[in-house]
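1. Show me the folded form of this:
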Amino acid sequence: MGLGGVILAAGESTRMGRDKALLPWPPGSPKAVSGPGFPTGTLLSAAIQSLKPYCDMVMVIGGRNYATLRPVVDGCGAILALNPAPEQGQFSSLQIGLREVLNRGRDSALITLVDRPPAQVATFRTLLSTFENRDRNIWAVVPESEGKHGHPIVIGIELIDLFRKAPPTANARELEHANQSHIAYVPVDDSRVTMNINTPEEYAALASDMCI
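-> Next up, the predicted model:
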């Protein structure tokens with residue numbers, strides 16, 4: 001039925017001190033580049049563009065930052081959905097995104113976090129190839145780098161239903177681990193899948209590394 005992209009971007013970014021979704025990307029550039037109705041050069045726009053080649057649609061979940069995300073989402077041709085209670089946690093945003101994926105006629109999802117650098121093209125291809133060729137016992141495909149699990153992940157209707165039926169305060173990682181026999185963990189040569197950008201220091205370090 002199709003693959004829907006979901007980007008979780010409703011966090012408060014308290015440790016960063018500014019909305020991580022709107023951080024300039026690539027890091028180290030002086031500011032986001034903007035054009036009439038098409039803001040680009042942010043971590044969010046990079047996430048959207050990374051998912052678009054593989055998805056029928058890309059859904060961004062915002063919270064209190066909904067209005068500030070709107071120009072980037074619209075400019076990149078994605079869809080913006082509101083989490084009215086982002087204080088319930090990231091899992092509540094995931095549930096909203098998955099509900100929208102189903103409502104719009106898709107039965108699987110490619111999910112990532114806005115505070116993680118876009119994965120390499122080879123990583124997307126590996127994950128999606130594994131998902132397309134999985135047996136019916138596999139509900140999701142998760143990348144693994146240096147022994148750590150990361151994003152983006154690809155999930156089918158079985159895990160979508162499991163996530164949707166859980167309480168909003170549930171934890172996706174715990175539900176995933178409880179169903180490990182149904183998860184395919186795929187090693188990838190891509191450190192970005194486990195990289196988080198939570199603080200100004202982490203962002204500065206990433207900018208320095210990318211300039212080398």
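
2. On the pLDDT front, check Gly28 for me.
-> At Gly28 the predicted local confidence, pLDDT, stands at 62.

3. Val193 now?
-> Looking at Val193, the pLDDT reads 95.

4. for it, what are its contacts?
-> Applying CB atoms under 8 Å, 6 or more residues apart in numbering, one finds that Val193 lies in contact with Arg116, Ala119, Thr123, Pro143, Glu144, Ser145, Gly150, His151, Pro152. In this view, the C-beta of every residue, glycine as well, is placed from N, C-alpha and C.

5. Now tabulate the residues you listed in TSV and tack on pLDDT.
-> As requested, those are exported to TSV (pLDDT from 0 to 100):
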residue	pLDDT
Arg116	90
Ala119	95
Thr123	97
Pro143	97
Glu144	96
Ser145	95
Gly150	95
His151	96
Pro152	97
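
6. quick one: which of those is most hemmed in?
-> Taking other CB atoms under 10 Å as the neighbour criterion, Pro152 ranks highest of those with 27 neighbours.

7. Include secondary structure and distance to Thr42 when you put the contacts of Val193 into JSON lines, please.
-> Compiled in JSON lines, the contacts of Val193 are given as follows (DSSP: H, G, I helix; E, B strand; the rest coil; distance: CB to CB, whole Å):
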{"residue": "Arg116", "secondary structure": "coil", "distance to Thr42": "14"}
{"residue": "Ala119", "secondary structure": "coil", "distance to Thr42": "17"}
{"residue": "Thr123", "secondary structure": "helix", "distance to Thr42": "21"}
{"residue": "Pro143", "secondary structure": "strand", "distance to Thr42": "23"}
{"residue": "Glu144", "secondary structure": "strand", "distance to Thr42": "28"}
{"residue": "Ser145", "secondary structure": "strand", "distance to Thr42": "24"}
{"residue": "Gly150", "secondary structure": "coil", "distance to Thr42": "21"}
{"residue": "His151", "secondary structure": "coil", "distance to Thr42": "18"}
{"residue": "Pro152", "secondary structure": "coil", "distance to Thr42": "18"}
